[in-house]
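> Based on what follows, work out the 3D shape:
(one chain, ligands or ions: 1)
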Amino acid sequence: MLFKKKYAYGKQSISLLDIWSVIKVLRSDFLTQGPKVKEFEQAICDYTGAKYCVAVSNGTAALHLAVAIFDLKNTDEVITSPITFVATANSILYSGANVKFADINLEDGCINLNEIKKYITVNTKRIIPVHYAGISCDMEKIYQIAHENNLFIIEDAAHAIGSEYKGEKVGNCKYSDMTIFSFHPVKTITTGEGGAITTNNKEIYEKLLLLRSHGITKNNSCFVSPAQFAISEQPVISEMFVIPDSDPGSSYINKSLYGAWYYEQQVLGFNYRLPDINAALGISQLKKIDKFIKRRREIVEFYKESFMNDSRFYFFSEPEYSKAAFHLFPLFINFEQLKINKIELFEKLKNNGLNLQVHYIPVYRQPYYQNFGFKFNNYPNSEKFYTIELSLPLYYDLNKRDLKKIVKIIKQLIVLSSPT
Ligand SMILES: Cc1ncc(COP(=O)(O)O)c(C=O)c1O
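Residues are numbered from 1 along each chain as shown. Take a look at the predicted model:
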């Protein structure tokens, strides 16, 4: 063991101000369904430039609502990347539709445009591009493909809060119908668990609000029942105790049934609400996002300088249209030049305090997805990616000393494993 400190691939950074903002909510009247959620949603709109935002309990819930918002049939198909967390594909299955995986680019880990085109059929309804590691997909081109084929676009920006595409923030939905974010602790900002959906479409926004909370609305201007009585024409107390007669349409029955307590379930929804405790943490974290991103990009630069000009290592260069708020630093290792394989290297790194992760096991490889008959050889780039990728530690609190240690450990193990 060369050093005792352990490093995960990602971790939150929590300040006293974050803690204080959560304490204030704990001492307030509302732990959930209070004012902090709206404030967080407005802060995300201001930051991304989107018109509307709906905060939810996690990124998976955000994906589920975004995919399911308009009904899908069991013959419908949704195209996404296999190099993602299983949640992206699962959200398609939750909605009753079929998953189609399109292979990725080896240069940036994002979905390949020609592969998308290859999988479009008359049944295709949506595309979910994933901004892998925080690098934006080429959204304008994906938008063109979607537009020509009348497809809905949901950006999976779980990795990409704060990333930019052509100088504008990911999540502004300029080239998509919705964007989803995750605020899990390994992400650039955290709410503990949490997620959000942004959109510029009012109809989508209102439906998302309904779906987030059981399909229920308390807004009497939206009621489909004759509940306009609820606020404007409260029945007098004596009327309320009248036992309804056989004429259910009579106005006093309506009045006595639709009081100020009234709420209405209009669709089948879920409880995907984000508590105010988490929203308060999100507001506080969002204030620091520029500082977080700057540090993440500095760390990426440090890694790049450390591993450049060595044929045993390879890493991404950002496409000219992307400025990433890096969630991950994927390092690619040329195992063909080494006497060690990925499993052995991973174990040795772990024994030396580096608890790394692989992003990702291609989703079609999961036993559950194998039930659908996906063939590995349809995805040569994803297969290659999986055999050579390792995600190095990347989070705000890593200091120069930590980074030097991390690089030293990796290089020592690789040098020891290189033929002499
Ligand atoms: C690409 C991607 N999409 C969706 C999710 C789901 O987000 P959450 O963990 O907040 O449910 C994740 C989580 O890591 C992710 O990496």
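
> Could you find the closest non-adjacent residue to the residue in the stretch 1-150 of the chain that the ligand sits nearest to?
Residue of the stretch 1-150 of the chain nearest the ligand, by CB to the nearest ligand atom: residue 59 (2.5 Å). Where you see a C-beta, it was placed from the backbone N, CA and C, and this is true even at glycine. Distances taken as CB to CB, 6 or more residues apart in numbering put residue 182 closest to residue 59, at 2.8 Å, once the chain neighbours are dropped.

> what do you get for residue 314?
Leaving out its chain neighbours, the residue that sits closest to residue 314 by CB to CB, 6+ apart is residue 332, at 4.1 Å.

> quick check, that neighbour in a strand?
Yes: with DSSP: H, G, I helix; E, B strand; the rest coil as the criterion, residue 332 is located in a strand.

> coming back round to it: run a quick neighbour tally on the residue of the stretch 1-150 of the chain closest to the ligand.
Residues near residue 59, counting by other CB atoms under 10 Å, number 27.

> what sits against it?
By CB atoms under 8 Å, 6 or more residues apart in numbering, the residues touching residue 59 are 87, 158, 180-184, 194-195.

> try 7 Å
Contacts here follow CB atoms under 7 Å, 6 or more residues apart in numbering; on that basis residue 59 touches 87, 158, 180-182, 184, 195.

> before we move on, what about residue 310?
Counting by CB under 7 Å, 6+ apart, residue 310 has no contacts.

> again with residue 52
45, 198-200, 202, 205.

> again, only using 6 Å
199, 205 (CB atoms under 6 Å, 6 or more residues apart in numbering).

> got it, and residue 162?
Going by CB under 6 Å, 6+ apart, the list of residues near residue 162 reads 188, 289, 293, 325.

> Tell me how far the residue nearest to it when sequence neighbours are not counted lies from the ligand.
Distance criterion CB to CB, 6+ apart; nearest residue to residue 162, sequence neighbours excluded, is residue 325 at 3.4 Å. According to CB to the nearest ligand atom, to the nearest Å, residue 325 stands 14 Å off from the ligand.

> Residue 325 contacts residue 293, correct?
Yes: using CB atoms under 6 Å, residue 325 is in contact with residue 293, at 4.3 Å.

> So between the two, which is more surrounded?
residue 325 (28 against 22).

> Tell me who's in contact with the more buried one.
134, 162-163, 188, 293.

> For the longest helix anywhere in the chain, give me every contacting residue.
Criterion DSSP state H: the longest helix present in the chain is helix 289-307. Outside helix 289-307, the residues that touch it by CB under 6 Å, 6+ apart are 162, 188-189, 313, 315, 325-326, 329, 394, 396, 403, 407.

> Of all pairs in those residues, which one is the farthest apart?
Pairwise distances among the contacts of helix 289-307 were taken by CB to CB; the largest, 29.4 Å, belongs to 189 and 313.

> between the two, which one's more packed in?
residue 189 (27 against 20).

> which SS class is that one?
Strictly by three-state DSSP, residue 189 counts as coil.

> swap in residue 285?
helix.

> tally of neighbours for it?
Count around residue 285 with other CB under 10 Å applied: 27.

> ok, it touching residue 191?
No: using CB under 6 Å, residue 285 makes no contact with residue 191, being 7.3 Å away.

> List the residues that contact residue 54.
Listed by CB under 6 Å, 6+ apart, the contact set of residue 54 reads 197, 208, 212.

> give me the number of residues near the first one?
When counting by other CB under 10 Å, one arrives at 31 neighbours for residue 197.

> Dump the contacts of residue 59 into CSV; add secondary structure as well.
Formatted as CSV, the contacts of residue 59 follow (three-state DSSP):
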residue, secondary structure
87, helix
158, coil
180, strand
181, strand
182, strand
184, coil
195, strand
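
> just those that are near the ligand?
The residues of the contacts of residue 59 that also fall near the ligand, by CB under 6 Å from any ligand atom, are 87, 158, 182, 184, 195.

> Now do the third one against residue 132, distance only.
For residue 182, the distance to residue 132 equals 13 Å [CB to CB, to the nearest Å].

> Tell me which of the contacts of helix 289-307 fall in helices.
Counting by DSSP H, the contacts of helix 289-307 contribute 403, 407 to helices.

> Contact residues of the stretch 151-300 of the chain facing the ligand?
156, 158-159, 182, 184, 195.

> Now with 8 Å, please.
156, 158-159, 180, 182-184, 186-187, 193-195 (CB under 8 Å from any ligand atom).

> which of those tops the neighbour count?
residue 183 leads those on contacts (other CB under 10 Å) with 32 neighbours.

> residue contacts, residue 395?
Counting by CB under 6 Å, 6+ apart, residue 395 touches 10-11.

> where's it relative to the ligand, distance?
Distance from residue 395 to the ligand, by CB to the nearest ligand atom: 14 Å.

> Poorly predicted segments of the stretch 101-250 of the chain, please.
226-250 (pLDDT under 70).

> in it, which spans are helices?
For the stretch 101-250 of the chain, applying DSSP state H, counting those that start in this stretch gives helices covering 113-119, 139-148, 202-212, 229-232, 237-240.

> got the buried residues for stretch 281-300?
281-286, 288-289, 292-293, 295-297, 299-300 (16 or more other CB atoms under 10 Å).

> Could you measure from residue 138 over to residue 113?
Taking CB to CB, one finds residue 138 at 7 Å from residue 113.

> What about residue 408, how many residues nearby?
Residues within reach of residue 408, counting by other CB under 10 Å, total 14.

> do residue 8 as well
The local packing of residue 8 (other CB under 10 Å) involves 15 other residues.

> where does the residue nearest to it when sequence neighbours are not counted fall, phi/psi-wise?
Distance criterion CB to CB, 6+ apart; nearest residue to residue 8, sequence neighbours excluded, is residue 355 at 5.1 Å. For residue 355, the backbone dihedrals (degrees, to the nearest 10) come out as phi -90, psi 80.
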